[in-house]
Structure formats: structure tokens, C-alpha cells
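[1] turn this into a structure:
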Amino acid sequence: MSGPIRLGWAMAPDRRLRREVAWQLVRELIGQPGIRISNRCPRCGADHGPLEVEGAAVTASVSYAAAWAVVALAPAAAGTVGVDAEPEVDPRRDRTGLTGVLGARPATTRDWVRVEAALKADRRGLRVEPGLVRVTGTDSTDGTGDETGAPWRARVPGRTRAIFGWDLDGPPGVLVSAALADLEPADS
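    Below is the predicted model:
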């Protein structure tokens, strides 16, 4: 756990069942009956939007990496949580590289998971150009960062305040970052 964020993961080797695995993990981490989970896209209504949990005072986010489902939870009062996970080694990604995914600057897989976690916390996801997100403070390795305890911050276009983030220990061979955005409405 980093700051108010709780992280969990479970094997989800069958891509057709990975959402069920992730949602079961959310239920187990929350540990109370009667919650409802959905992920309707606010733009098109399909099941690929931000995770919504009804019946519990939490915010949740899900990511999938290789055969893993990764879930981050935080108290709803903390804002909105976002998590991203990527395999440390991915032959296809490693063959093509990450050149251009974060604009003109060079990018590592860790850079990408930080940016995507921040965009998920922002709740607009990839509707915001990832190359415009600026992550700073990544030199802190003791996990204490600033007064929030976050070792890194992301500046996302359309937000006046930073999104705070942590690099977390996750499943073996998987890089995980999670971020918290306060409840400030973002311009879209």
C-alpha cells in the first residue's frame, strides 16, 4: 500500500474472463456485500470506461498485463484512482519500441505506466494526448516524495492541480504505477 492506495492482483490467463477475475478481486478487496460494479464509457456506453463501484465508499481502477489483472482501490474521499500495469518484457513492444508514444521525448515502460495511471485517475483516459502529460519528481526512491507522500506528480492538460502517483510492487515481471486525482473537474 502507498498512501491511501491498496493494490491487488490475480492471474487472468483467459482474456475472455479477465474482467470477471478483476471484478471478483475488487469485491474481495472491498470485502462487503451488495456492491455493484460497472465500466460504461461516458462517451459511447460500451463496457470499456472507468470502473464505477456503487455501494462502497471507494474508487477503483483496473489494468491488465500479460496474464494478470491488477486492481487499485482508494477511499472515495481521496479522489479518483488510476492504475496501469505493463509487463517488464514484452517482445512485440520491445521490438517496436516506445518512440513517439509520449510525444518527441524518449519513453520507457515506466514512463508509460505513470502517464497512463495519471490519465486513468483523471478519468478522461486516452482522450487526452499522452505526450502532453508531464511527470516530475521521479527521482525520489524512498516513497516519501512531498507532503502527500507521493514520489511523483503528473500535470495533465485541463487540470489546475497535479495528480499524485506511486510506483508499486505488483505481480512478478510487471511494472505498476497508481495515481490519485482529487475531485477537481477536468475540462474536456
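[2] and the contacts of the helix or strand of the chain with the lowest mean pLDDT?
    Lowest by mean pLDDT, DSSP states H and E among the helices and strands of the chain is helix 91-96, with a mean of 80. The list of residues contacting helix 91-96 from outside it, by Cβ atoms under 8 Å, 6 or more residues apart in numbering, reads 86, 87, 109. In this view, the C-beta of every residue, glycine as well, is placed from N, C-alpha and C.
[3] now, those that are in helices?
    The helices in this structure, assigned by DSSP state H, contain residue 109 from the contacts of helix 91-96.
[4] what about the contacts of helix 91-96, which one has the most neighbours?
    Counting neighbours by other Cβ atoms under 10 Å, residue 86 leads the contacts of helix 91-96 with 21 neighbours.
[5] any idea how far it is from residue 56?
    28 Å (Cβ to Cβ, to the nearest Å).
[6] surely residue 182 meets residue 159?
    No. With contact defined as Cβ atoms under 8 Å, residue 182 does not count as touching residue 159 (9.1 Å).
[7] look at those two and report which has more neighbours.
    residue 159 (20 against 14).
[8] looking at it, that one is touching residue 179, isn't it?
    No. Using Cβ under 8 Å, residue 159 is not in contact with residue 179, being 11.7 Å away.
[9] which parts of this structure are strands?
    6-11, 36-38, 52-54, 58-65, 68-75, 80-87, 101-104, 134-136, 152-155, 163-168, 174-181 (DSSP state E).
[10] give the contact list for residue 65.
    85, 86, 87, 170, 171, 174, 175, 176.
[11] repeat the analysis, applying 7 Å as the threshold.
    For residue 65, the contact set (Cβ atoms under 7 Å, 6 or more residues apart in numbering) comprises 85, 86, 87, 174.
[12] biggest separation within those residues, which pair?
    85 and 87 (8.2 Å; Cβ to Cβ).
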